[in-house]
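K.L.:
Quick one: sequence and predicted model below, then my questions.
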Amino acid sequence: PICFLPMPLGANNTQYKSCCGKVICCGCVVAAANAENNTHCPRCPFCRNTASLSDSGIVKQYRKRMKENNDPIATYGLAGMYLFGNKVEKDQSKAIELLVLASDQGSLEASVNLAIMYKEGDGVARDVKKYLHYTQMAAMKGNEQAR
């Protein structure tokens, strides 16, 4: 079962599925798990593939979605992995590079994070011009606080 309801901007009750690149509401994920009597590793409600549970498998799926589909959600997710050292070795410069790419691909979250990083000098040198650039990009993508 899948609802196909449109997801609002900034929806928190969703899951990104790196197998197909879809953002699916958590209700559909739970319903699919219950329908299969398998809450540990349910198949994706959209494409019906089984998600990888290994760290290397997840990273591989994100990289594939990023390279083959220019997927901003996968690019942003991979940037977060590098930024915090989650599933990959921590690499601040690679994370910044991926955040810039995700922002260019249309990721609102990447634009907001870059604006904050350049404003506070968190992992990058403080840069007012870049802060204003990414704040404007976030505003154009629908971030109300950036206006």
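P.N.:
Structure's in. What do you need?

K.L.:
Check this structure for me, the residue farthest from its geometric middle.
P.N.:
In the chain, counting by Cα atoms, centre = their mean, Asn37 sits farthest out from the average C-alpha position, at 28.0 Å.

K.L.:
That one and Ser52: what is the separation?
P.N.:
When distance is defined by Cβ to Cβ, to the nearest Å, Asn37 is 21 Å away from Ser52. No exception for glycine: its C-beta is placed from N, CA and C like everyone else's.

K.L.:
Which strands or helices does the helix or strand of the chain with the lowest mean pLDDT pack on?
P.N.:
Between all helices and strands in the chain, the lowest mean by mean pLDDT, DSSP states H and E belongs to helix 26-35, at a mean of 80. Packed against helix 26-35 by the contact rule (3 or more Cβ pairs under 8 Å, 6 or more residues apart in numbering; DSSP states H and E) you find strand 14-17.

K.L.:
Show me what the strand it packs on pairs with in its sheet, parallel or antiparallel.
P.N.:
Looking at strand 14-17 with DSSP bridges, its paired strands and their directions are strand 22-25 (antiparallel).

K.L.:
rewinding a little: return the mean pLDDT over whichever helix or strand comes after the least confident helix or strand of the chain, rounded to an integer.
P.N.:
In the C-terminal direction, the helix or strand that comes right after helix 26-35 (DSSP states H and E) is helix 55-69. Over the span of helix 55-69, the pLDDT mean works out to 92.

K.L.:
starting at the chain centroid, how far to helix 55-69?
P.N.:
12 Å (Cα atoms, centre = their mean, to the nearest Å).

K.L.:
Number of residues surrounding Lys60?
P.N.:
Other residues within reach of Lys60 by the criterion other Cβ atoms under 10 Å amount to 13.

K.L.:
Fine by me, we can end here.
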